[in-house]
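**Q** Could you work out the structure for the sequence below:
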Amino acid sequence: MRLHSSGCGEGSSATDNPPLSTALTPVGYASLDMTIHGRLAAIVALLLAAGPQALRGAGLEDQLNARWRGAHAVARLPIASSCDGYYNDNDVVGNRVDSKARHRFEAGELVRVERVGARRGRIDVFLDLTEQVLDEIHDGPFTLYEPRSCKIQLRVPVVDRWTPEQVEARLGELLERHDSVRAAEASKTWNGRRREPFPENYEQTLAAYQVWKAQQANAAVQARMEHAIEEASRMSERVRSDPEYLEGFAAGIDEVRDRSFGDCPSLVHASFTPDSRSGKSSDWRRGYEDGQRLEFNLELLRRLKECFVPVPAG
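**A** Residues are numbered from 1 along each chain as shown. Below is the predicted model:
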C-alpha cells in the first residue's frame, strides 16, 4: 500500500515522500511527538475503516458494563455449567440455552455479572453462579465430594441495528437484575437452590480415606522396591571377571551416578533404558549396560526408602 501526504500537489515526486520507516525514526523529541501522533492517526483510520459498527460496539459495551458489571441477578431461563473454572458457552435460543456443559440448573439461579462483552450480532454476559455444587470424586472404594464454583458465558443474539435500550430490554428478559445478593434472594424468581451439604459423618469418611491413601502409597513404594531388589540381584549374577567387561561395568556405574531421579511419585513409576556406546567391544558394552542397570536399581532403592509416608491413626 502506498501512502500519500494530503499536503502534496500533483508535482510531488518520490523524494518528497520519504519511506514510512524513515519518517517514523525517532530523532529527538520532535520526531517522537510526530511518531505518537502518527500512530494515533493510524488507529483512528483503522476504526473508521471498520465502520461505525465497531465504534458503536465499543460504546454499547461500556454502557452495558456501567449498568451490569458487578450486579447480582436471577436467571430467568435454565442454564448449564461444567463448573471447571472456565466460562462455559450457553447459546441463547429463544427462552432456553443450548450448552454441552454437564451441570444443569433450573431457571431462577442466582448469578453475579462479572462483565459484558459486545460484538457484531451478539452480547456475551459472563456470569458467576452464587452457589457452588458438590462434585463427586471416586477414588478406590471411596466417594468424595469437592465444592466447585460454576461459571457460564451467556451468548445472546442481538440485531445489529438495535438501540441500547432494545439490547437492555433483551437482557432484562433473560436476567432479573438486582443491586445486591440479598435483594436477589428476596425475589420470587429465585429458585431457592443452595449448595448440597456434605453427607452425614463425612469427616469420618475423609479420615478413613487419608488412612487408605497412605497405605496405598506405601504399598506402591514397597512393590517398587521389591522389583528394584530383583533387578539388582539379577545384574549382580551377570557380573563377569573379563577385564573389558569390568571396565565397561565401572563406566556404566559412573554414568548413572549423575542421573536425576525426581520426586517420590516419579520414583515409584521410574523405568530405565541403559545408554550404549559405539566403538567398543561387545564385552565392554555388555558390562557398560549391566553397570548402569545395577547402579540405577541400587540408587532407586536408596531413594525409595525416604518415600514411605506416615499412616494417620484410624
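**Q** C-alpha coordinates for stretch 280-299, PDB please?
**A** Extracted in PDB, the C-alpha atoms of stretch 280-299 (Å, rounded to 0.1, in the frame of the first residue of the first chain):
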ATOM      1  CA  LYS A 280      33.800 -50.600  22.000                       C
ATOM      2  CA  SER A 281      33.900 -54.300  22.100                       C
ATOM      3  CA  SER A 282      30.800 -56.300  22.800                       C
ATOM      4  CA  ASP A 283      32.100 -57.400  26.200                       C
ATOM      5  CA  TRP A 284      32.700 -53.700  27.200                       C
ATOM      6  CA  ARG A 285      29.300 -52.700  26.000                       C
ATOM      7  CA  ARG A 286      27.600 -55.500  27.900                       C
ATOM      8  CA  GLY A 287      29.400 -54.500  31.100                       C
ATOM      9  CA  TYR A 288      28.500 -50.900  30.500                       C
ATOM     10  CA  GLU A 289      24.800 -51.700  30.300                       C
ATOM     11  CA  ASP A 290      24.900 -54.000  33.300                       C
ATOM     12  CA  GLY A 291      26.700 -51.500  35.400                       C
ATOM     13  CA  GLN A 292      24.100 -48.900  34.600                       C
ATOM     14  CA  ARG A 293      21.200 -51.200  35.400                       C
ATOM     15  CA  LEU A 294      22.800 -52.200  38.700                       C
ATOM     16  CA  GLU A 295      23.600 -48.700  39.800                       C
ATOM     17  CA  PHE A 296      20.100 -47.400  38.800                       C
ATOM     18  CA  ASN A 297      18.300 -50.000  40.900                       C
ATOM     19  CA  LEU A 298      20.700 -49.500  43.900                       C
ATOM     20  CA  GLU A 299      20.200 -45.800  43.800                       C
END
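**Q** Tell me if residue 240 really is in a helix.
**A** No: read with DSSP: H, G, I helix; E, B strand; the rest coil, residue 240 is coil and lies in no helix.
**Q** Show me the strands in the stretch 51-200 of the chain, by range?
**A** Using DSSP state E, counting those that start in this stretch, the strands found in the stretch 51-200 of the chain span residues 72-75, 79-81, 88-93, 96-98, 103-105, 110-119, 122-129, 133-139, 142-148, 151-157, 175-178.
**Q** what's the fourth one packed up against?
**A** Just to be clear, that refers to strand 96-98. Counting contacts by 3 or more Cβ pairs under 8 Å, 6 or more residues apart in numbering; DSSP states H and E, strand 96-98 packs against strand 88-93. In this view, the C-beta of every residue, glycine as well, is placed from N, C-alpha and C.
**Q** now the last one
**A** With contacts defined as 3+ Cβ pairs under 8 Å, 6+ apart, strand 175-178 has these neighbours: strand 72-75.
**Q** And the average pLDDT for the strand it packs on is what?
**A** Strand 72-75 carries an average pLDDT of 98.
**Q** Assumed residue 265 was part of a helix.
**A** Yes: assigned with three-state DSSP, residue 265 falls within a helix.
**Q** quick one: pLDDT of it?
**A** 93.
**Q** okay if I get the strands of the stretch 51-200 of the chain as CSV plus mean neighbour count and distance to residue 259?
**A** Converted to CSV, those look like this (neighbours: other Cβ atoms under 10 Å; distance: least, Cβ to Cβ, whole Å):
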stretch, mean neighbour count, distance to residue 259
strand 72-75, 24, 56
strand 79-81, 24, 46
strand 88-93, 18, 44
strand 96-98, 15, 53
strand 103-105, 17, 46
strand 110-119, 20, 48
strand 122-129, 20, 47
strand 133-139, 12, 32
strand 142-148, 14, 36
strand 151-157, 20, 44
strand 175-178, 20, 59
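**Q** Need the pLDDT of the closest residue in space to residue 117 that isn't next to it in sequence.
**A** Once flanking residues are discounted, residue 117 sits nearest to residue 124: 4.0 Å by Cβ to Cβ, 6 or more residues apart in numbering. Note on residue 124: pLDDT of 98.
**Q** ok, now residue 280?
**A** So, for residue 280, pLDDT stands at 85.
**Q** Thought residue 245 was touching it, still the case?
**A** No: the criterion here is Cβ atoms under 8 Å, and residue 280 misses it with residue 245 at 10.8 Å.
**Q** If you drop the residues flanking it in sequence, what lies closest to residue 210?
**A** residue 312 (5.1 Å).
**Q** Repeat that for residue 296.
**A** Per Cβ to Cβ, 6+ apart, closest to residue 296 is residue 272, 4.7 Å.
**Q** Who are the contact partners of that neighbour?
**A** Shown in contact with residue 272 (Cβ atoms under 8 Å, 6 or more residues apart in numbering): 292-293, 296-297.
**Q** Save those residues as CSV, and put in secondary structure too.
**A** Below are the contacts of residue 272 laid out as CSV (three-state DSSP):
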residue, secondary structure
292, helix
293, helix
296, helix
297, helix
